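# Fold the following, please.
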Amino acid sequence: MVRNLFLCVPAPAFVAVVSHNGSGKTTLFLVLTGQLPYQGRVRLHGQQVHDLLRAASAGLLGYLPQRGSIDFAIAVRELVVMGRSATTAC
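Okay, here's the model as predicted:
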């Protein structure tokens with residue numbers, strides 16, 4: 001469970017979320033991408049996450065979920081860029 005998390009990162013920046021297994025990293029991204037209900041307030045760029053249709057389609061967040069394997073050949077760079085695509089299914 002993630003509690004009392006506040007993060008303010010000046011743009012432009014890259015952020016890595018690194019922690020132990022089971023500490024809430026996936027939960028955080030599922031909430032930020034609107035895939036998991038939550039209690040309390042979650043804001044992304046000052047907007048409530050539940051008010052956004054999709055954070056990725058709003059251009060506010062790129063998220064490419066981890067998969068054990070993919071079914072097609074693709075360069076790593078192209079795969080990472082897919083995480084910034086508004087049409088990427090999360």
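# what's the neighbour count on the spatially closest residue to residue 49 that is not a sequence neighbour?
Using C-beta to C-beta, 6 or more residues apart in numbering and skipping the chain neighbours, the partner closest in space to residue 49 is residue 42 (4.4 Å). Placement of C-beta: from N, CA and C, glycine included. Residue 42 has 17 neighbours, counted by other C-beta atoms under 10 Å.
# can you check residue 33 too?
Neighbour tally, residue 33, other C-beta under 10 Å: 19.
# before we move on, could you check phi and psi at it?
phi -90, psi 10 (degrees, to the nearest 10).
# How confident is the prediction for it, by pLDDT?
Looking at residue 33, its pLDDT reads 78.
# Tell me where the chain is predicted with low confidence.
1-2, 53-60, 62-68, 83-90 (pLDDT under 70).
# the residue most distant from the middle of it, which is it?
residue 73 (23.9 Å; C-alpha atoms, centre = their mean).
# what about that one, is that helix, strand or coil?
With DSSP: H, G, I helix; E, B strand; the rest coil as the basis, residue 73 sits in coil.
# mind listing the helices for this protein?
For the chain, the helices defined by DSSP state H cover 25-32, 76-82.
# circling back: ok, now which ones touch the residue nearest to residue 49?
31-32, 48-50 (C-beta atoms under 8 Å, 6 or more residues apart in numbering).
# what about 7 Å?
Shown in contact with residue 42 (C-beta atoms under 7 Å, 6 or more residues apart in numbering): 31-32, 48-49.
# Tell me which residues touch residue 19, please.
Counting by C-beta under 7 Å, 6+ apart, residue 19 has contacts residue 25.
# Roughly how far does it sit from residue 80?
From residue 19 across to residue 80, the span is 21 Å (C-beta to C-beta, to the nearest Å).
# if we can go back for a sec, relative to residue 7, which of the helices of the chain is closest?
With C-beta to C-beta as the measure, helix 25-32 is the member of the helices of the chain nearest residue 7 (9.8 Å).
# Going by neighbour count, which residues in the closest one are buried?
28-32 (16 or more other C-beta atoms under 10 Å).
# of all the residues you listed, which comes closest to residue 13?
residue 32 (15.8 Å).
# show me the contacts for the closest one.
By C-beta under 7 Å, 6+ apart, the contact set of residue 32 is 42, 44, 49, 55, 61.
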